[in-house]
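Student: what shape does this take:
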Amino acid sequence: MATMTQLELLAALREIDTPTITNVVATYPTNPLCLGLYNPWTENWYTDTSIHCMYPEMGPVIGYAVTCVYGMPDPNYPNRLTYQDVIEALDAGPKPTILVIQQKWPPEIFNKAGLAGEIMTTSAQAVGCVGLLSNGPSRDVDAIRRNKFQMLLSGVTAGHGAMGVMAVQVPVTISGMDVAPGELIHMDENGAVKFPADKIEQVLTNARALLDKEATQLAALRKAKTAAEVRAASSGGTYTPKDDKK
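Tutor: Modelled structure (predicted):
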């Protein structure tokens, strides 16, 4: 691969779907194109079914994780943090960013906290943020759709009560994925995956190679009419009549 700038690498990765990214990050550790960055089952490196993509039509987005924790105001904790501290963190690091919010609410209100609306997301967008990843709900999805700001959430609800920022730029867990500040987050309608920012060029190189390999295999599979032809396509070979004798 010719030398690419960081922005060019990110733009190229936006052209690739998230499952392909997971495939080269860790899904198939025995595949030479897989980087094996995590044990695929025991480490929390991609999201589960508890969140959903609000705007599948937008396609993939990728950015550097900026994290925060939201919860109920605590009378025992003199909270000095505000959403402006989150904005400052978004503005301080490399762009683009993904805002990663872990929501910590009592169980009885967890599904009613419509946290990030149009004002919060537009403020984040102003400083280079391209999407929100959160384990809880948000709101204003109709307005945010017009702004082309991607969100992966547990759902949508219309309101919320008093809330506060508990921490900024700390490790968080979102729907089965552990995220540290500065990691790259790639997400689309299939969910989200993380990987270390210093692996960006390797991830892109291997993802492109995997897509090329799969394109050849899929072309053969789409022409297949027999089990022998499927077997040949699946093994990367070419079908010949003698394959029927195997």
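Student: nearest spatial neighbour of residue 19, skipping sequence neighbours?
Tutor: When the adjacent residues along the chain are set aside, residue 19 lies closest to residue 190, with 5.3 Å between them (CB to CB, 6 or more residues apart in numbering). Using the backbone N, CA and C atoms, a C-beta is placed for each residue, glycine as well.
Student: so residue 178 bridges to which residues?
Tutor: Beta-bridge partners recorded for residue 178 (DSSP bridges): residue 173.
Student: burial count for it?
Tutor: Applying other CB atoms under 10 Å, we find 14 residues neighbouring residue 178.
Student: what's near enough to touch residue 36?
Tutor: Residue 36 makes contacts with 26, 29, as judged by CB atoms under 8 Å, 6 or more residues apart in numbering.
Student: per-residue confidence at it?
Tutor: For residue 36, the model assigns a pLDDT of 97.
Student: residue 222 versus residue 117, what's the distance?
Tutor: Using CB to CB, to the nearest Å, one gets 45 Å for the distance from residue 117 to residue 222.
Student: these two: which is more packed in?
Tutor: Shown here are residue 117 and residue 222; by other CB under 10 Å, residue 117 has more neighbours (17 against 8).
Student: confidence score at that one?
Tutor: Looking at residue 117, its pLDDT stands at 95.
Student: could you measure from the residue nearest to residue 19 over to residue 222?
Tutor: Between residue 190 and residue 222 the distance, using CB to CB, works out to 22 Å.
Student: the helices in this protein, which residues?
Tutor: Per DSSP state H, the chain has helices spanning 6-13, 18-22, 83-92, 118-126, 141-146, 200-223, 227-234. These are given in chain order.
Student: got the CA positions of the first one in CSV?
Tutor: This means helix 6-13. The C-alpha coordinates for helix 6-13 follow below in CSV (Å, rounded to 0.1, in the frame of the first residue of the first chain):
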residue,chain,number,x,y,z
GLN,A,6,-4.3,9.1,8.7
LEU,A,7,-7.4,10.8,7.3
GLU,A,8,-7.0,8.8,4.1
LEU,A,9,-6.8,5.6,6.1
LEU,A,10,-9.9,6.5,8.0
ALA,A,11,-11.8,7.4,4.8
ALA,A,12,-10.8,4.1,3.2
LEU,A,13,-12.0,2.2,6.3
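Student: how about it: buried residues?
Tutor: 9, 10, 12, 13 (16 or more other CB atoms under 10 Å).
Student: ok, and the closest non-adjacent residue to the last one?
Tutor: It refers to residue 13. Take residue 13 and drop its neighbours on the chain: the residue closest to it by CB to CB, 6+ apart is residue 62, 5.0 Å away.
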